[in-house]
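A.B. asks: Following is a predicted model, sequence given first.
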Amino acid sequence: MQIRNAVITAAAPGQNRLPLQQLVDRNGEEKTALQLILEQCWSSGIEDVCVVISPGDEGAFRSASGQHDGQVSFITQQAPRGYADALLLTRPFTKEAPFLHLVGDHLYLSESDLTCAAQLLAIASDAECAVSAVQSTRENNLPYFGIASGRPVPNTKGLYEVERVSEKPTPTYAEQALVTPGLRSGHYLGFFGMHVLTPQVMQLLEEAAKPSQTHSRTLSDALNLLPSRERYLAYQLEGHRCNLGVKYGLLKAQLAIGLSGRDREVILSELVELLSQHVQKTPVS
Amino acid sequence: MNSLVDLIISDSDSIRNQSLESICANLQSSDLLSHADELDKFRRTSGNLYHRVRALFFLSAIHRYYLPKTIPGTQSGKIPFVGYQHLLSRRFVEAIDQFLDVQATQGPSDGLCSAFAEAYHQLGFQTLADQVRKSVRTVHGNQWMFRLGHPADHPLRIRKELLKRGSKSQARPTLREETAVRMDFSHSAWSDIFFLGMDFPQGARVLNASIDLGVCGRDTTTKPPIETYLRVIDEPIFRLVSVDLGASAEVHSISEMFDFARDHLGLLKAAVVASGIVPPGLDGSNQSMAEILALVVGPGNGIELVSQINDIPKGSRLAVSTNLLGSLIAILMRATGQIDSLDGPLNEQDRQLVGARAILGEWIGGSGGGWQDSGGVWPGIKLIEGAIATEGDAEFGISRGRLMPTHRILKESDAPASTREKLQDSLVLVHGGMAQNVGPILEMVTERYLLRSEAEWLGREKAIRILDEIMIAMREGDIRRIGQLTTHNFQGPLQTIIPWATNRFTDLVIETCREKYGDRFWGFWMLGGMSGGGMGFLFDPEIKKQAQTWLADTLINIKRQLAHSLPFAMDPVVYDFKINDRGTSAEFLVDNHAPMPEKYYALMIPKQLRKPLRDHSRDRQSELEQVGQACRSDQSDTSRLLIDSILPRSSNLAESGQSLAEVLNECGFDRQQHDVIRDDLRAGRIGLTHNRLAANLAITDVLASDVTDMRFDPNPDATKLGQQAIQNSEVAVVTLAAGVGSRWTQGAGVSKALHPFYKFAGKHRSFLEVHLAKNRRTTESINGTIPHVVTTSHLTDTAIRNQLKADDQFGFTGPLYISTGKSIGLRTVPMVRDLQFLWEETSQQVLDEQQQRVRESARQALTAWAKQAGEGSDYTDNLPHQCIHPVGHWYEVPNLIINGVLKQMLTNHPSLRYLMLHNIDTLGANVDPLMLGQHIIQQSTLSFEVITRRLEDRGGGLARVDGRPRLVEGLAMPNEEAEFNLTYYNSMTTWIEIDRLLDAMGLSRGDLDNPNATENAVRSLSKRLPTYITLKDVKKRWGNGQEDIYPVAQFEKLWGDMTTLPEIDCQFLIAPIHRGQQLKSQDQLDSWKRDGTADYINSLCAW
């Protein structure tokens, strides 16, 4: 399965400025978060990227996307109708092909030679099905994530056949329905913010986007239906993600990038100095 | 293999269901000890929890019922104090080891048997409780709540819908949950006890219906009796409000939420904990509630949770509290997204979840219910059954059944609409007014199930078949048949399993129904637990309306007849009911101006108005304005209730009866003496610590020469002498009946003498009736006359006189005298130091972990109450008769002298020389010619009967104090260990030689006419005897059948201290256990019956 396209969602109200934030990459160069995400796409073999943005953001996003202007297109979500709607808007771009999907307010740091996106794409290409990147997530973080559960695939470390997906489940439900064998107790497979999605997913999104009495449907709702239609995997890849949207998210992301790059020693010594100053200033009780 | 072990582990039902009795009934002590040894080894090594538990109950039964009968009576071994301490601290294993060590050296004894029986019994229940607790924790969906250790990790969030303000009112929405209660159709033979369901799932079956209720004559319609409300408030607190109990609290810290007995809001707190909003894992953390709320509801926000149960009285046997818990849990789980739907009924999965959490809540709150009790959460009529544990269940491999049962809601084909209609047209539901603790009953059921006692096991099998027959009758719409079956169930299997399921009140009501309506009374229907509270009566539909009205009056009349002998919490109530087909169901209220129940505002607004309006939160201000607007615009119930709650009403003295001052006046209350005692108490000159004898006194066990053993020597000479004395009318009986049985009914204030506690010869009989029946038997068999005196106090006098009159002296035709006690005391609020001494310095049975916590929390609340009410001040905040107390049994004999009864008796029976004085609860005490003869031979003033000590016989004993044998009251023991060195316990039965006693008091028969002489003699004697301060439980009743128990201080002088006076010549006779055994609390009744004592007592009586 060949995957050439990627979709980045960056239209959520309150989060649409995060991809524009300035960071210093592993090589010491200043880049926007969007640039870093796009670079990960290019280096993983992605050829075209579509970014879903809020009205009025196109100029800023264009300039924040760096030198790859020609390979990046933008779709504006006119009203904040949710995640599923944002993805559905990209249907003319994704057409009937599988695509890589990333969220615009996350950065993905690999702990192997391959980028996170490349690891995921490799699994998807092999298995020829939708794959979601997941990480082991403690139950206290359930209010922030979509959660998948399933059975481990024999002989492939970190790979699971997904059976069920739930968006921000309560721990009560998670314990009853989302326990995955092999994880520590109270831990679940939380979405990483990176998926390879198939046309079937888009089909399900369309079905799920129909108005509901209780709440608007999410990507997780569609993914929950996917195992009944086609094979769907989750993969615990080697890497971690930084959520820019949480308190100190940007700071933590910058530290994580810096500490894995060229300026590691400089950052460490700066941190030590900062700490020592802080200790000196702390009054002795 | 040992045959008892085989009985436990066998796979064959026919072997496993054999009774212990079938093997142990005729064994000798050596064989029983050998069985006990094997069982003890087995229970230490068996890996199977249920095998261990059954072995423990076998061991307990062997030591309680079989071994004591086979041990030679001369073996009067002592119970090691260290073992006793282990037992109190719940170190049961260590206690058993201690007892085994002593048994190995001393041999078996009656006392040790009682200690073994208790230790094995408690270890058995502890093991079961641990398993149920473990199962509750391991239910999927509950586990995370025990892992959460810090508020910052809280994974729940409030539903966004609850935060969104209404477009018109700007108020946040309110969730309202309405929940039915459950009615048990078949009575499950208590098979809904968790343990039974888990060990015998195929036998755990219940048919129960959810019902709406109304009080007949008060409510115009039936509705779900439980309502709960939840809303987000703009204050970072958890506000809990119970409208019915008139209680509210603002919870600011996590630890307060776990303080269950601090106020009347324990159930609401348990629901908050069980719902996961303040999960059990946070127990013990010191953070503020605001920290959790900031995360769950948003910074600055809080939650208000309100409950209302539509004035359904406590003890209705309709599982109101469990269903209220279910309702609260459901609404809290809806609000936090743990249940998907914000409104409407629940789906089966959610109901199961709520059911599991309700079990958790009951465990957390230290209460207990069966697994069917949350049935009101489910709709309609359902069959609830134990479920076999299968792979994947947490119980698999541990127990045969699962903790959680399955619920099958009956369809039209099983329970047609016509049947439901007919049932509603026929059944009269009532609350009889009794609110009793069913805990001991459930323990008895468990024990009997494990022992597979033959009759009880057959009863259980029969009850299971009755359920099937009820199902058939339901399908066929045959209500008359249902009535026959439920009546048969109640009078057959249920009372075979637990004779205490019925009582005099219930029997009388059933009899009266039969007399009035004959075969148009279709049957009696027992609702859960035990009878006396919620009950059902089936009538021919044609007369149902009339019968309902008649029953309402009849219940009240019968209650009035029995009000002094049985503990009623309230007047009986008759309900209207309807089957509820929704179960629990919620509504989402938006833009509702005053969404809470009207009584809520009546309760809360007066409190809120104490604060300036500007100091209230914005939402609160706005709500006050809206309620004000509503009150101004119409004459709604809210405004009337509000005025009632703010402004006082004129009190109607005629309704409230005699005031305390009047009662005190009437009884000749000695205010001067009371003030002295109160001042001494406050100044610390008297109190619990001062009751004790000096620590430097040498207190040792008595020598063999100090006692006369009356157990084995038939002594025909003494017997003959006694018989002659009876024939010559030389002896009278004095039955002490002044008390209100503080322990017997936990301070309910009824006359213990009149309590119809047991069915002898097919009828419930009271203590007094038993004593008179023994007298009749003795006089009939020996052909003499024994005058009988019943001593009373202000608390019991009228009731006893009336009862004797109404029942024609229970058929007793001999001379009967009532000696009215004139001495009463006024209770006082206890001193905190005495409370602390009682709770901390004296040994107390530590309870199961969660119950102990609840108890400690209650104790803190009681300490706060004592401080706030004023330590040592007069206790007046209760009904007058609950504020006064008899002043100890020492006064009873002096009263006979002062009030002229003794004189009258001596005039009527000039040959009278001896009195046999006994406690009301010493049922075995009769005028035994042998004992009387021995007393005559010994020529002593007083002969006290003592018995060998059992574990439960606490309260002093016979000791040598500085070389002199005397009785030492438990209150006076300088330390508790000393009591365990004493072989004999005081049964209080005393033989008195009248002339010698008068002589010792400086009186003669001739002086009995002289009030001055008698009063002076009594006063001077009383001054020489110690005054003890004791703490007794007293119930305060309020609301709808609610009861609070308070410890109050009172003073007493005790008869046993007569042995301290050098001029009184005392002897001590060792009596057989059955003769001296006392019934102090109702939970002794079962073993009292089973160990053969009841039959023994029966053999002493002529009915």
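C.D. replies: It's in.

A.B. asks: Give me the neighbour count for B:Asn986.
C.D. replies: Counted by other CB atoms under 10 Å in any protein chain shown, the residues lying close to B:Asn986 total 29. C-beta coordinates here come from the backbone N, C-alpha and C atoms, glycine included.

A.B. asks: Same question for A:Arg229.
C.D. replies: A:Arg229, neighbours per other CB under 10 Å, totals 13.

A.B. asks: State the phi and psi torsions of it.
C.D. replies: Main-chain torsions, A:Arg229, degrees, to the nearest 10: phi -110, psi -40.

A.B. asks: Please apply the same query to B:Arg801.
C.D. replies: Dihedral angles (degrees, to the nearest 10) for B:Arg801: phi -60, psi -50.

A.B. asks: Excluding sequence neighbours, find me the nearest residue to it.
C.D. replies: B:Ile818 (6.1 Å; CB to CB, 6 or more residues apart in numbering or on different chains).

A.B. asks: Let me see the confidence value for that neighbour.
C.D. replies: For B:Ile818, the pLDDT comes out at 96.

A.B. asks: so what's it up against?
C.D. replies: When contacts are counted by CB atoms under 8 Å, 6 or more residues apart in numbering or on different chains, B:Ile818 touches B:Val789, B:Val790, B:Thr791, B:Thr792, B:Asp797, B:Ile800, B:Arg801, B:Leu804, B:Val901.

A.B. asks: wait, doesn't the fourth one sit right on B:Ile800?
C.D. replies: Yes. Distance between B:Thr792 and B:Ile800: 5.2 Å, which falls inside the contact criterion (CB atoms under 8 Å).

A.B. asks: overlap in contacts of the two?
C.D. replies: B:Ala737, B:Ile818.

A.B. asks: What parts of chain A come near chain B?
C.D. replies: A:138-143, A:168, A:170-176, A:179, A:185-186, A:214 (CB under 8 Å from any CB of the partner chain).

A.B. asks: Now with 6 Å, please.
C.D. replies: A:Glu139, A:Asn140, A:Leu142, A:Pro143, A:Thr170, A:Pro171, A:Thr172, A:Glu175, A:Gln176, A:Gly186 (CB under 6 Å from any CB of the partner chain).

A.B. asks: Counting neighbours, what do you get for residue 128?
C.D. replies: Using chain A here. 12.

A.B. asks: I was thinking of chain B, sorry if that wasn't clear
C.D. replies: By other CB under 10 Å, the residues close to B:Leu128 number 24.

A.B. asks: quick one: contacts for residue 115?
C.D. replies: In the absence of a named chain, chain A is used. By CB atoms under 6 Å, 6 or more residues apart in numbering or on different chains, the contact set of A:Thr115 is A:Gln40, A:Ser43, A:Ser44.

A.B. asks: You answered for a different chain; I wanted chain B.
C.D. replies: B:Ile79, B:Phe99, B:Leu951.

A.B. asks: doesn't it fall inside a helix?
C.D. replies: Yes. With DSSP: H, G, I helix; E, B strand; the rest coil as the criterion, B:Ala115 is assigned to a helix.

A.B. asks: pLDDT score for it?
C.D. replies: So B:Ala115 comes in at 95 (pLDDT).

A.B. asks: Then B:Glu976?
C.D. replies: 79.

A.B. asks: ok, residue 35 - contacts?
C.D. replies: Defaulting to chain A. Here A:Gln35 is in contact with A:Gly66 (criterion: CB under 6 Å, 6+ apart).

A.B. asks: Hmm, no, I was thinking of chain B.
C.D. replies: By CB under 6 Å, 6+ apart, the residues touching B:His35 are B:Leu4.
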